[in-house]
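Asks: A predicted structure for the sequence below; I have some questions about it.
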Amino acid sequence: MMMLLVSALRSLIFVLWMTLTVIPWALGVLLISVFARGDTVYWACVGWLRLAIAGARVICGVSYRVHGMDNLPTAQDKTSAVVLLAKHQSTFETFALPTIMSHPMAYVFKRELLYVPFFGWAMARMDMIHIDRSRRSEAWAKVAAQGKRLAEMGHWVIMFPEGTRIARGEKGEYKTGGTRLAIATGTPVVPIAVNSARCWPRKSFLLRPGVVDISIGAPIASVDRKPGELMEEVEAWIEAEMRRIDPEAYGEQRCPSLAETASA
């Protein structure tokens, strides 16, 4: 009970920390965007994300470690674009991933987020892809057009194939939007597994101390592939990797051994 109360208090302080820091930072970004656009505004926004992640570590005891960074193009390779396809369990990875990537990233997100005071206003000044989910055909056309333009600039588009935050130890339906984009632009896909719900559960601001693992897979070529087939490969890697980095979350889904099957 005492540990829960401490976590709740630390989480409240963390939320206050984000609220108090995002307001002046967002106003600063809006000011900067009057004189500069593009990468300058993007990295200014990433500065606040670093502040938020630092707050999670210092206030709530939530840190992270990254596996497989060598699977990504280096910062010196300015023109090498990829489509990042990541597991989505909480807000943590949406904050952390831009802080560890060497290239500007473009999230594909619902446009309603632009209306969030300060945070959304700053997002609106970045070169990202915001869509109206109620208009699916128009949304895909926008993703394809903007994704192609961003890929030509060497930016990395990131999408969550399951479409929403998924509870720890569960799997959603992997949709093919990300692989369709990769095939349309001729860029490889990079699968990413994240077990952030271990410390920051979805739809919650009650953080628990611990370490979040972010595992980056090897790029998968999209040339001459079919969207469904390519997404099946991405899904297989992510779900297998999730069981490796967070085995306790999948304890009830353990496959029986051949001996157990024979004796049943």
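Replies: On my side now, so go ahead.

Asks: what sits up against stretch 11-24?
Replies: Contact with stretch 11-24 is made by 48, 51-52, 55-56, 59-60, 118-119, 122, 205-207, as judged by CB atoms under 8 Å, 6 or more residues apart in numbering. Using the backbone N, CA and C atoms, a C-beta is placed for each residue, glycine as well.

Asks: Mark which of those residues are buried, thanks.
Replies: 48, 51-52, 55-56, 59-60, 118-119, 122, 207 (16 or more other CB atoms under 10 Å).

Asks: coming back round to it: next, format the contacts of stretch 11-24 as JSON lines and append distance to Val189.
Replies: JSON lines is the format used below for the contacts of stretch 11-24 (distance: CB to CB, whole Å):
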{"residue": "Trp48", "distance to Val189": "28"}
{"residue": "Leu51", "distance to Val189": "30"}
{"residue": "Ala52", "distance to Val189": "27"}
{"residue": "Gly55", "distance to Val189": "32"}
{"residue": "Ala56", "distance to Val189": "28"}
{"residue": "Ile59", "distance to Val189": "35"}
{"residue": "Cys60", "distance to Val189": "32"}
{"residue": "Phe118", "distance to Val189": "33"}
{"residue": "Phe119", "distance to Val189": "28"}
{"residue": "Ala122", "distance to Val189": "28"}
{"residue": "Phe205", "distance to Val189": "31"}
{"residue": "Leu206", "distance to Val189": "33"}
{"residue": "Leu207", "distance to Val189": "30"}
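
Asks: where's the dip in pLDDT among those residues?
Replies: For these, the weakest pLDDT value sits at Phe205, with 87.

Asks: Tell me if it really is in a helix.
Replies: No - read with DSSP: H, G, I helix; E, B strand; the rest coil, Phe205 is coil and lies in no helix.

Asks: any idea how far it is from Cys199?
Replies: Distance of Phe205 to Cys199, computed by CB to CB, to the nearest Å: 12 Å.

Asks: With Ile245 instead?
Replies: 13 Å.

Asks: Name the residue in these two with the higher neighbour count.
Replies: Taking neighbours as other CB atoms under 10 Å, Ile245 and Cys199 compare with Cys199 leading, 21 against 18.

Asks: Please report phi then psi for the more buried one.
Replies: Main-chain torsions, Cys199, degrees, to the nearest 10: phi -110, psi -30.

Asks: Make 28 the starting number, not 1.
Replies: Okay, residue one is now 28; in that scheme the one you just asked about reads as Cys226.

Asks: Okay, and the beta partners of the closest residue to Thr121 other than its chain neighbours?
Replies: Leaving aside its chain neighbours, Thr121 sits nearest to Tyr134 (7.3 Å; criterion: CB to CB, 6 or more residues apart in numbering). Here Tyr134 sits in beta bridges with Ile185, going by DSSP bridges.

Asks: can you pull out the strands in this structure?
Replies: Ranges of strands within the chain are 89-94, 110-113, 132-137, 156-158, 183-186, 216-221, 237-243, based on DSSP state E.

Asks: Can you add mean neighbour count and mean pLDDT and give those strands back as JSON lines?
Replies: Below are the strands of the chain laid out as JSON lines (neighbours: other CB atoms under 10 Å; pLDDT from 0 to 100):
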{"stretch": "strand 89-94", "mean neighbour count": "17", "mean pLDDT": "97"}
{"stretch": "strand 110-113", "mean neighbour count": "26", "mean pLDDT": "96"}
{"stretch": "strand 132-137", "mean neighbour count": "19", "mean pLDDT": "88"}
{"stretch": "strand 156-158", "mean neighbour count": "20", "mean pLDDT": "83"}
{"stretch": "strand 183-186", "mean neighbour count": "25", "mean pLDDT": "93"}
{"stretch": "strand 216-221", "mean neighbour count": "26", "mean pLDDT": "98"}
{"stretch": "strand 237-243", "mean neighbour count": "20", "mean pLDDT": "97"}
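
Asks: Out of these, the one nearest Glu268 is which?
Replies: Proximity to Glu268 (CB to CB) singles out strand 216-221 among the strands of the chain, at 3.8 Å.

Asks: Cool, thanks, talk later.
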